[in-house]
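A.B. asks: Sharing a model prediction with you, sequence too.
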Amino acid sequence: MTYRPMILLALLAPFVSGGEIERLEEQIERQKRQIERLVDRVERLEKGEATDEEIHDEHDLHPRKEEAPLHIALIANMAAVARNVGDSDYGAYGIPGFLDEPGEIPFNPERGFNLNYAEIEFTSALEGYASLYSSLHVEKEGLHIGELFVESESLPGDLNLKAGRFRSRFAQINTLHQHGWNFSTAPLVIETFFSPVGISEDGVSMRWRPGVDEIGLEVFQGRNERSFGAGDARLYVGYLRHTLRLPSDLAITLGGSWMHGKNPTGDTDIYGAEMTITKRFDAERSLKWQTLLLERERSAKKQGGLYTEALYMFDAHLGGALRYDLLYRNLPGEPEDLSRWTAALIYRPFDFAKIRFQYSFDRSKRFETERRDVHELLLGLTIEAGDHAEHVGHNH
């Protein structure tokens with residue numbers, strides 16, 4: 001009996017983090033102390049040495065509930081930017097047929113140095129039944145809720161329930177915060193269909209994960225203005241994914257999604273197809289290639305776009321990434337060749353820091369009535385302090 005917890009920890013060690021091992025050790029130690037108290041109490045009862053207080057004390061049988069541990073992380077993002085377009089022009093760009101004006105530009109709106117945001121994350125496990133997560137964004141305009149939800153942990157049948165404000169899982173990139181992306185900007189199709197940060201809304205979701213599959217249904221308030229935003233009409237999201245695990249550490253994930261809601265002039269339907277290929281060469285070198293295609297029918301007007309990107313990790317600290325964006329289906333009379341190329345070097349000198357150096361050549365922008373090519377150089381820094389569940393890429 002004495003050695004079984006240690007044997008269990010040894011078997012679990014390759015699959016859990018150091019922090020999780022410490023928490024397991026603490027839990028096992030508490031259980032051992034409780035068992036020792038119970039054994040001592042039984043022996044005293046058998047010998048008739050127990051006091052009346054010990055006989056009637058139910059503390060050992062029903063120990064007091066301990067407070068759920070609260071994990072806190074602070075993420076800071078900043079960047080220096082060089083761009084061949086002035087700040088006032090860039091702040092009013094349009095994407096022909098897709099976007100009349102950008103609205104608020106949350107990341108790197110100006111040439112020179114940009115302090116983009118700070119993000120404070122709170123996570124707490126609720127006695128093994130659920131977890132509570134909150135992401136607060138601290139920006140120049142003030143503090144607002146990025147995500148705040150409660151999520152089940154141990155429902156039978158591989159089910160998962162979530163309620164609150166959270167990021168939709170219709171596409172894998174949308175589950176990540178900006179500091180978890182390979183690039184500092186969202187894909188064009190995400191930006192034009194939803195926002196520069198993707199789509200995050202108030203709602204509920206149910207997810208079923210039998211083995212390597214994932215099937216989910218989400219119901220949101222439908223307030224996203226770029227594709228929906230029709231009063232009190234709801235937004236419905238369905239998605240499914242299947243992962244093929246092949247020899248030589250090769251995995252292929254295929255996914256499909258559907259979104260239905262209303263806009264001020266009619267219905268909106270968005271259909272998505274996604275493929276992710278991951279190849280691991282050794283403990284440090286890997287390749288990840290991801291492609292997402294979205295088709296939107298908004299009030300009988302059809303548009304489409306895609307992105308494809310690849311990240312190659314040379315070792316545990318240095319990676320190179322390349323992405324191609326294309327808005328390939330547009331309204332009649334609007335251009336069909338709205339594209340952008342982006343290349344990046346990603347360097348992680350420490351677990352808590354990520355440096356992104358990227359260049360983009362953007363042919364999707366229009367300034368007043370003139371299309372202009374935009375060249376941009378960016379040197380970005382992300383710092384993560386505290387107990388962050390997944391450094392650079394928190395995926396819920």
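C.D. replies: Right, received. Where do you want to start?

A.B. asks: For the stretch 101-250 of the chain, which segments are assigned as helices?
C.D. replies: Under the criterion DSSP state H, counting those that start in this stretch, the stretch 101-250 of the chain carries helices at the ranges 188-193.

A.B. asks: got the contact list for the residue nearest to A171 when sequence neighbours are not counted?
C.D. replies: Spatial nearest neighbour of A171, chain neighbours left out: L292 (5.4 Å); criterion: Cβ to Cβ, 6 or more residues apart in numbering. For glycine as for every other residue, the C-beta is placed from the backbone atoms N, C-alpha and C. For L292, the residues meeting the contact criterion (Cβ atoms under 8 Å, 6 or more residues apart in numbering) are 171-173, 187, 189, 272-274, 306-308.

A.B. asks: before we move on, what about G261?
C.D. replies: Contact criterion Cβ under 8 Å, 6+ apart gives 222, 224, 227-228, 230, 233-236, 267-268 as the residues in contact with G261.

A.B. asks: Could you turn the buried ones of the residues you listed into a PyMOL selection?
C.D. replies: If you want just the buried ones from the contacts of G261 in PyMOL, going by 16 or more other Cβ atoms under 10 Å, the selection is:
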select buried, resi 222+224+227+228+230+233+235+268
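
A.B. asks: on that earlier part again, going by distance to L381, which of the contacts of L292 wins?
C.D. replies: Among the contacts of L292, I173 lies closest to L381 (Cβ to Cβ), at 21.2 Å.

A.B. asks: Can you verify my assumption that the closest one contacts F183?
C.D. replies: No. Contact status for I173 versus F183: not in contact, 10.1 Å apart, counting by Cβ atoms under 8 Å.

A.B. asks: any residues touching the one helix or strand A76 maps to, and which ones?
C.D. replies: Following DSSP states H and E, one finds A76 within strand 70-83. Outside strand 70-83, the residues that touch it by Cβ under 8 Å, 6+ apart are 90, 107-108, 110-124, 177-179, 184, 356, 374-389.

A.B. asks: what about 6 Å?
C.D. replies: When contacts are taken as Cβ atoms under 6 Å, 6 or more residues apart in numbering, the neighbours of strand 70-83 outside the stretch itself are 108, 111, 113-124, 179, 376-388.

A.B. asks: ok, now how distant is V42 from L311?
C.D. replies: V42 sits at a distance of 59 Å from L311 (criterion: Cβ to Cβ, to the nearest Å).

A.B. asks: neighbour-wise, which of those two wins?
C.D. replies: For V42 versus L311, the count of surrounding residues by other Cβ atoms under 10 Å is larger for L311: 19 against 11.

A.B. asks: Relative to R323, how far out is that one?
C.D. replies: L311 is 9 Å from R323, by Cβ to Cβ.

A.B. asks: Repeat that for G305.
C.D. replies: Relative to R323, G305 is positioned 13 Å away (Cβ to Cβ).

A.B. asks: out of the two, which sits in the busier spot?
C.D. replies: Between G305 and R323, counted using other Cβ under 10 Å, the more crowded position is G305 (27 against 23).

A.B. asks: Just send the contacts of G261 back as a markdown table, with distance to L159 and pLDDT too.
C.D. replies: Conversion of these to a markdown table gives the following (distance: Cβ to Cβ, whole Å; pLDDT from 0 to 100):
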| residue | distance to L159 | pLDDT |
| --- | --- | --- |
| G222 | 24 | 95 |
| N224 | 27 | 94 |
| S227 | 29 | 96 |
| F228 | 27 | 96 |
| A230 | 31 | 86 |
| A233 | 27 | 90 |
| R234 | 22 | 95 |
| L235 | 22 | 97 |
| Y236 | 19 | 98 |
| D267 | 30 | 96 |
| T268 | 29 | 97 |
